[in-house]
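In: Okay, here's the prediction I keep looking at, along with the sequence it came from:
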Amino acid sequence: MVLDRYIAKSVINGCLLAGFVMISIFAFVDYVSQLSDVGKGDYGPLQAALYVLFRLPQRLYEIAPSVILLGGILSLGSLAASSELTVMRASGVTTLRITRSVLQTGLLIAILVGLLGEYVVPSAIRTAKTYRAQAIEKKLIVGGSSDIWARDGNRYVNVKRILPDHQLRQVRIYELDKSRQLSSLTYAERARYQDGEWVLDNIKRSTISTTGIETSYKKKTILKRLLLLELFTVLELEPSDMSATELLTYSQYLQENNLDNDEYLLSFWVKIFTPLTCLVMLMVAMPIVFATTPRSGGAGQRIMLAVVIGILYFMINQGMTYLGLAIKIAPALSASASLILVAIISLYFLKRVN
């Protein structure tokens, strides 16, 4: 329908404008925070700028609800200021009908935010961390968005994935002889640092000699040296850096080993509910737009309300989330409590302005 397309175009343009402004501010702040490390190793101003660039998808994902709230208010406020919303309502288009058109667009944006968090952010943040570590430490070779290479004498270690708590996945160890020829290749499904040693699980070792290749298998082996622990401070992923799939898999691994998985399970549910939060933020924008008029303050008042609501929502959401973690409330409930609360309040005010 023409009305749906027109409202969708207006909302998307508003979100793009708000996103550009907010991401520019965060990029500047992030760049300034990196200046203290400029000069370490090969980490210069250009490398700092590239690191900030690689982190932009994560920043955009983090601020997506605020961007959509502000973008929705800017776009719908513009329609209200030009009396277009008034004309729509005078023509028989109900507030509910306008809200439906807005939420249809919001659903599309929420899906894009979900895909951003699941597929783009984890890869981008790994690239950012490995790039920064390579520049500062000068000990890493980055072979892709997740591959990590480290050298230890005549050994080269390749790790496909670094997880929290000194956990490694898909580890390959290449050993060279004195003539710099490959003498052995060891593959382990996973490795973990425990009691000052590296414990490798499900190992396949191929020894190369002039007589041929000899392959052996072990369930477990222990190494004194594998990967520098100092690298974990710059490469280890935080729960917020991981995709929902990775969080769920890792929380199940912790549960199977009788370890505390509440933090990772909570982060999983936060990932699940973030796209829905974006949708609810547009619901918040609707009563603000309909309840304010140019005579009552117009755009300035709406923007101020958006900022205040965004800050309040962030504080309430963080408070409920970590309070739930502290008092052992179900992660799904603590992650969704503020979302449900804001949705109910928004529906109440929408009903009042209808």
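Out: Cool, got the structure. Numbers count the residues shown, from 1 in each chain.

In: where exactly do the helices run in the protein?
Out: Counting by DSSP state H, one finds helices in the chain at the ranges 2-34, 45-81, 84-90, 95-115, 121-137, 232-235, 244-256, 262-291, 298-326, 331-353.

In: and the direction of the longest one versus that of helix 262-291, what angle?
Out: Right, the one you point to is helix 45-81. Between the axis of helix 45-81 and that of helix 262-291 there is an angle of 40 degrees, by axes from the mean of the first three to the mean of the last three C-alpha atoms, to 10 degrees.

In: same check, this time on the fifth one
Out: Compare the direction of helix 121-137 with that of helix 262-291 by the same axes, to 10 degrees and you get 120 degrees.

In: buried residues in helix 121-137?
Out: Along helix 121-137, these residues count as buried under the neighbour rule (16 or more other C-beta atoms under 10 Å): 121-122, 124-137. Using the backbone N, CA and C atoms, a C-beta is placed for each residue, glycine as well.

In: what's the answer for the first one, then?
Out: Buried residues in helix 2-34, defined by neighbour count with 16+ other C-beta under 10 Å: 7-8, 10-11, 14-15, 18-19, 22-23, 26-27, 30-31, 34.

In: Show me how far that helix is from its chain's centre.
Out: 17 Å (C-alpha atoms, centre = their mean, to the nearest Å).

In: other SSEs contacting that helix?
Out: Using 3 or more C-beta pairs under 8 Å, 6 or more residues apart in numbering; DSSP states H and E as the contact criterion, the secondary-structure elements in contact with helix 2-34 are helix 45-81, helix 95-115.

In: what angle do the last one and helix 244-256 make?
Out: By that I understand helix 95-115. Helix 95-115 runs at 70 degrees relative to helix 244-256, counting by the same axes, to 10 degrees.

In: which strands and helices sit next to helix 95-115?
Out: With contacts defined as 3+ C-beta pairs under 8 Å, 6+ apart, helix 95-115 has these neighbours: helix 2-34, helix 45-81, helix 84-90, helix 262-291, helix 331-353.

In: Dump those helices to a markdown table, plus mean pLDDT and distance to residue 108.
Out: What follows is these, written out as a markdown table (pLDDT from 0 to 100; distance: least, C-beta to C-beta, whole Å):
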| stretch | mean pLDDT | distance to residue 108 |
| --- | --- | --- |
| helix 2-34 | 92 | 8 |
| helix 45-81 | 91 | 11 |
| helix 84-90 | 83 | 21 |
| helix 262-291 | 88 | 10 |
| helix 331-353 | 84 | 19 |
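
In: so which of the ones you listed comes closest to residue 156?
Out: Proximity to residue 156 (C-beta to C-beta) singles out helix 45-81 among the helices and strands packed on helix 95-115, at 23.7 Å.
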